[in-house]
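J.: Build the 3D model from these lines:
(chains A, B, C and D)
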2 protein chains.
Amino acid sequence: MSVPAEGPRWQRLEHDERRRQILHVARRLFSERNYASVSTAEIAREAGIARGLLHHYFGTKRELYLEVIREIVRVPSSPVPRPGPGRGLEQVISEGADRWLTLLERNRGAWLAATGGQGPGRDPEVEAILEDGREGAADRLIAALPGIAEPAPDDLRALIRCFSALAEAASVEWLQRGRLTRAQAHALIVTGFLSLVQDVLPAVRRATAPASSR
Amino acid sequence: MSVPAEGPRWQRLEHDERRRQILHVARRLFSERNYASVSTAEIAREAGIARGLLHHYFGTKRELYLEVIREIVRVPSSPVPRPGPGRGLEQVISEGADRWLTLLERNRGAWLAATGGQGPGRDPEVEAILEDGREGAADRLIAALPGIAEPAPDDLRALIRCFSALAEAASVEWLQRGRLTRAQAHALIVTGFLSLVQDVLPAVRRATAPASSR
DNA sequence: CCCGCTTGTTGGCCGCGCGCCAACTAAGCC
DNA sequence: GGCTTAGTTGGCGCGCGGCCAACAAGCGGG
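T.: Predicted coordinates:
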């Protein structure tokens, strides 16, 4: 009836290219809506492919989601500047906090989505991916600390992890709730870090051996 | 064949009683596993009722879940002891931290699930419920602070919120990762709070008016 | 004491979304 | 140009949640 319109009905892409395309669409959808309300059918439709192809590439909707999370987490990978032996610790942390806040300002949507635990949540795998990212950040922070033993003892790692939580909370207060200005969030992060390392860490170590002294 | 076993095939309960029973079972299941992997059929089976009854009482699986979250959040409503004008601030906070940690120890599963954002995630409603709980905790903490203006300025609320994040992170390090002992977590929370109020808060306020002084 | 009413409760129907697989075909190669 | 490879399609099956009409347990009036 109409023009025959010869030519292939669909295009055949390179494996990696198709994979990246699907991942791109999925990332966009998962960023604007939560896991449950995004269907594989919708992802396929938006990507212009059949639903079964998702399974071929990622096996499971869940697997696809994990891949998206990994991609998002991979982004903020340089919040801490060079160790800087010459500059003071405060200076280093201050610059690191600046970079961190700027990074968040740029990736606002993606970051809020990722840290908000948008997925099935409390899922060991999702948690592991996010934790990997945070542990990496902690490693980079610890590397900036002068005079710290290499193996990085558990209590220090835990403390840094608590600091990360503090910094994230301060960022949320700034970006989302608006109860802090950027300058205030910056001050909170910097002085918070210094207080944690100088005052809190010794107290934690004092609590290690002795039972509750009360 | 067997004894006729006369009598009703099922028991008819008071509205509130049945509701509490279902809620109890749901809370247990949602605490041990995440939202998606708990089916309404399983909840009904464990509660010894028909699946349709869930809908009668809660309308939706999601609604039931929200109710569970509300219940869980409502529990930790007295982590902070009396303001205690006689006792020192440190003493008050120390006792509060103790109660908090004991509470978590008991409700371990449920708390980890709730704070982990186990549900559909980044859901405005779930987030709102959890935030209400945290804001309430912040209010109670602020009430324990001596010499604080009543309206509780934004920067203080934000700081307390950051402290909550710190305390939660320390709790996770203790309960889940095992990188802190209970005594260490306790010390971290107490000295962390004191440092935040005494050192960090002034710094944040200093950052309010002037531009970045660096 | 029995009947009828209220309402807590049941069981099943329906649609949707995901996992999976066999057939199809676009693109490369001899 | 036919053969081979593997990217792609379309549909089947199942499980799960939303929903509803019928059923019955317990209570109160006659």
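
J.: The residue in chain A that DNA strand C sits nearest to: how many residues sit nearby?
T.: When distances are taken as C-beta to the nearest atom of the strand, chain A reaches nearest to DNA strand C at residue A:8, 3.1 Å away. Yep, even glycine has a C-beta here, placed from its N, CA and C like the rest. Using other C-beta atoms under 10 Å in any protein chain shown, the number of residues around residue A:8 comes to 6.

J.: Might you report the residue contacts of it?
T.: When contacts are counted by C-beta atoms under 8 Å, 6 or more residues apart in numbering or on different chains, residue A:8 is found next to no other residue.

J.: Mind checking what secondary structure it has?
T.: Using DSSP: H, G, I helix; E, B strand; the rest coil as the criterion, the local structure at residue A:8 reads coil.

J.: quick check, stretch A:53-63 touching chain B?
T.: No - on the criterion C-beta under 8 Å from any C-beta of the partner chain, stretch A:53-63 is out of touch with chain B, staying 9.1 Å away.

J.: from memory residue A:134 sits against residue A:161, does it?
T.: Yes - when contacts are counted by C-beta atoms under 8 Å, residue A:134 is listed as touching residue A:161 (6.7 Å).

J.: higher neighbour count, the two?
T.: When neighbours are counted by other C-beta under 10 Å, residue A:134 and residue A:161 differ, and residue A:161 comes out ahead with 23 against 18.

J.: Residue A:131 versus the more buried one, what's the distance?
T.: 9 Å (C-beta to C-beta, to the nearest Å).

J.: For chain A, give me the ranges with low pLDDT.
T.: Under the criterion of pLDDT under 70, the regions of chain A flagged as low confidence span A:1-6, A:75-87, A:110, A:113-114, A:116-122, A:146-150, A:209-214.

J.: List phi and psi for residue A:50.
T.: Residue A:50 has phi and psi values of phi -80, psi 150 when expressed as degrees, to the nearest 10.

J.: show me the contacts for the residue nearest to it when sequence neighbours are not counted.
T.: Excluding the flanking residues, the one nearest residue A:50 by C-beta to C-beta, 6 or more residues apart in numbering or on different chains is residue A:44, at 6.2 Å. With C-beta under 8 Å, 6+ apart as the criterion, the residues that contact residue A:44 are A:50-51, A:53-54.

J.: what helix or strand is residue A:44 on?
T.: helix A:40-47 (DSSP states H and E).

J.: what about that helix and DNA strand C, any contact?
T.: Yes - judged by C-beta under 7 Å from any atom of the strand, helix A:40-47 and DNA strand C are in contact via A:40-41.

J.: buried set for that helix?
T.: Applying a neighbour-count criterion of 16 or more other C-beta atoms under 10 Å in any protein chain shown, one finds A:40, A:43-44, A:47 buried in helix A:40-47.

J.: and if you look at stretch A:165-177?
T.: For stretch A:165-177, burial by neighbour count (16+ other C-beta under 10 Å) applies to A:165-175.

J.: possible to save those as CSV with distance to DNA strand D and secondary structure?
T.: Compiled in CSV, the buried residues of stretch A:165-177 are given as follows (distance: C-beta to the nearest atom of the strand, whole Å; DSSP: H, G, I helix; E, B strand; the rest coil):
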residue, distance to DNA strand D, secondary structure
A:165, 32, helix
A:166, 37, helix
A:167, 37, helix
A:168, 31, helix
A:169, 32, helix
A:170, 37, helix
A:171, 34, helix
A:172, 30, helix
A:173, 34, helix
A:174, 36, helix
A:175, 32, helix
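
J.: helices or strands up against the helix or strand just after the helix holding residue A:44?
T.: For helix A:40-47, the following helix or strand on the C-terminal side (DSSP H and E) is helix A:51-58. Here helix A:51-58 touches helix A:15-32, helix A:40-47, helix A:61-74, going by 3 or more C-beta pairs under 8 Å, 6 or more residues apart in numbering or on different chains; DSSP states H and E.

J.: Check those for me and report the most buried one.
T.: Sort the helices and strands packed on helix A:51-58 by mean neighbour count, taking mean count of other C-beta atoms under 10 Å in any protein chain shown, and helix A:61-74 sits at the top with a mean of 18.

J.: and it, anywhere near DNA strand C?
T.: Yes - under the criterion of C-beta under 7 Å from any atom of the strand, DNA strand C is reached by helix A:61-74 at A:61-62.

J.: what packs against that helix?
T.: Contact here means 3+ C-beta pairs under 8 Å, 6+ apart; on that basis helix A:61-74 packs against helix A:15-32, helix A:40-47, helix A:51-58, helix A:108-115, helix A:124-144.

J.: what's the following helix or strand after it?
T.: Helices and strands here follow DSSP H and E; after helix A:61-74, the next one along the chain is helix A:89-106.

J.: Just the buried positions in that following helix, please.
T.: Residues of helix A:89-106 classed as buried: A:89, A:92-98, A:100-101, A:103-104 (neighbour count, 16+ other C-beta under 10 Å).

J.: what separates the residue nearest to the spatial centre of chain A from residue A:115, distance-wise?
T.: For chain A, residue A:73 is the residue whose C-alpha lies nearest the centre (C-alpha atoms, centre = their mean; 3.8 Å). As for residue A:73, its distance to residue A:115 is 9 Å (criterion: C-beta to C-beta).

J.: overlap in contacts of these two?
T.: Taking C-beta under 8 Å, 6+ apart as the contact criterion, the common neighbours of residue A:73 and residue A:115 are residue A:130.
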